[in-house]
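**Q** Coordinates for the following, if possible.
(chains A and B)
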Amino acid sequence: MLPIFQYSMKTLLEVEVTLYAAIFYLLGIIILTATGLAVTRRQPVHAVLYLIVAFLGTAALFFMLGAPLLAVFMVIIYAGAIMVLVLFVIMLFQRSPHEIGLVPQWGPATLLGAVFLAVAVIMVFKDPGSGIVLQGAVAQPRDFGRFLFDRYWLAVEIVSILFLVALVAIIHLGKRRDAGDNERERRVNPIRSSTGASDLTG
Amino acid sequence: MIVPLGHVFLLAGLVFAMGLVCLVARRNLIMTLIGVEVMMNAAAIAFVAAALRWHLMEGQAFVLFILAVAAAEISLGLALVVGLYRRTGSIDPDRYDILKW
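**A** Now for the predicted structure:
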């Protein structure tokens, strides 16, 4: 255990403690409502907009749980970069893809989720450690960065390799095929060429 | 001082279950990817709560790697969906029957 977490909220009054709890439950309600609305929307654009609200709530929750750097990353990467990327990709599709409904077996799928949730709730509340009240502490961004590059520098490098691999794969997938390549594909697979070739130009 | 640990885990479990249902019940491939993102978000909440509970920094470091993996996964998944849409003209996985005899 490292003494990196600094006890900064130690001298709070009782009123402020209950205020923190109220903020937590309010954030929980916001996250649950926004996520529930997001996963049930028929239009993916609406789902992404609700999901941005959920991720901003999660960022506030991280800030409250003593991870300010992760809260900032949550806003920048999740709510900023990833969700905007999803929005732009939705705009790439020519027809609005909102007519697609649920899979025919959505009942068992929902049952699976409910069973998982019940088991998880039982597991959490059977654990005697779950009643322990969290003590407020903050991991300062500077200490967090130093810890990360002291102990997990190899993992950081592996993540950079992962990004490089993803970049190469995306460039390869997104490359528009030229005419000769298209011709070869038509020769290899005559079934696909009727639909694939027209969409490649548009 | 703030809230019990179980309540944070309960929140993470609820969000994870929503993402799981979205992943397996929706037929739109973009909504499937969004379900994976929601599940990763729930895992991140649980990790941050555990890091605060035991005052260990490893949980927060893991959340950073979850963020990185989520970014790579969603960008590559969206590139795959766009490529599939260009080839077949649909993002419904039930329509992908090129390999069907």
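**Q** Tell me the gap between the longest helix along chain A and the middle of its chain.
**A** Taking DSSP state H as the criterion, chain A has its longest helix at helix A:14-40. Offset of helix A:14-40 from its chain centre (CA atoms, centre = their mean, to the nearest Å): 18 Å.
**Q** Could you name the helices and strands sitting against that helix?
**A** helix A:44-64, helix B:5-25, helix B:29-54 (3 or more CB pairs under 8 Å, 6 or more residues apart in numbering or on different chains; DSSP states H and E). Quick note: C-beta positions are derived from backbone N, CA and C, even for glycine.
**Q** what's the average pLDDT for it?
**A** On average, the pLDDT along helix A:14-40 is 84.
**Q** residues of that helix that come out buried?
**A** A:17, A:20-21, A:24, A:27-28, A:30-32, A:34-40 (16 or more other CB atoms under 10 Å in any protein chain shown).
**Q** distance of the residue in chain B positioned nearest to chain A from A:T35?
**A** Closest residue of chain B to chain A, CB to the nearest CB: B:G6 (3.3 Å). According to CB to CB, to the nearest Å, B:G6 and A:T35 sit 20 Å apart.
**Q** A:R42 too?
**A** 16 Å.
**Q** Same check on B:V82?
**A** 25 Å.
**Q** wait, B:G59 sits on B:A50?
**A** Yes. Here B:G59 reaches B:A50: they are 4.9 Å apart, a contact under CB atoms under 8 Å.
**Q** Which one's more surrounded, the two?
**A** Of the pair B:G59 and B:A50, B:G59 is the one with more neighbours under other CB atoms under 10 Å in any protein chain shown, namely 22 against 19.
**Q** pretty sure the more buried one is in a helix, no?
**A** Yes. Counting by DSSP: H, G, I helix; E, B strand; the rest coil, one finds B:G59 located in a helix.
**Q** wait, what's in contact with the residue lying closest to A:R151 once chain neighbours are set aside?
**A** Closest residue to A:R151 apart from its sequence neighbours, by CB to CB, 6 or more residues apart in numbering or on different chains: B:A61 at 7.8 Å. Taking CB atoms under 8 Å, 6 or more residues apart in numbering or on different chains, we find B:A61 in contact with A:F144, A:F147, A:L148, A:R151, A:Y152, A:A155.
**Q** again with A:F144
**A** A:I4, A:A67, A:L69, B:M57, B:Q60, B:A61.
**Q** May I ask which of the residues you listed comes out lowest in pLDDT?
**A** Minimum pLDDT across the contacts of A:F144 falls on A:I4, with 54.
**Q** Where does chain A get nearest to chain B, residue-wise?
**A** Closest point on chain A to chain B, by CB to the nearest CB, is A:S130, at 3.3 Å.
**Q** so that residue, which of the three states?
**A** Quick answer, by three-state DSSP: A:S130 is helix.
**Q** Run through the chain and note the low-pLDDT ranges.
**A** I went with chain A, as the question did not name one. For chain A, the stretches flagged by pLDDT under 70 are A:1-17, A:94-103, A:177-202.
**Q** wrong chain, I was asking about chain B
**A** Those would be B:1-2, B:101, if you go by pLDDT under 70 across chain B.
**Q** Can you tell me which of the buried residues of helix A:14-40 is closest to A:G174?
**A** Of all the buried residues of helix A:14-40, A:G174 sits closest to A:A38, with 26.3 Å by CB to CB.
**Q** B:L10: how many residues sit nearby?
**A** 18.
**Q** Can you verify my assumption that it contacts A:V121?
**A** Yes. At 6.4 Å, B:L10 and A:V121 qualify as touching, with contact defined as CB under 8 Å.
**Q** So for A:V159, which of the helices and strands packed on helix A:14-40 sits nearest?
**A** The nearest among these, by CB to CB, is helix B:29-54 at 14.6 Å.
**Q** mind listing what's buried in that closest one?
**A** B:29-53.
**Q** relative orientation of it and helix B:5-25 in degrees?
**A** 160 degrees (axes from the mean of the first three to the mean of the last three CA atoms, to 10 degrees).
**Q** how much distance is there from helix B:29-54 to the middle of the chain?
**A** 6 Å.
**Q** What angle do helix A:44-64 and that helix make with each other?
**A** 10 degrees.
**Q** Nice, that's everything, thank you.
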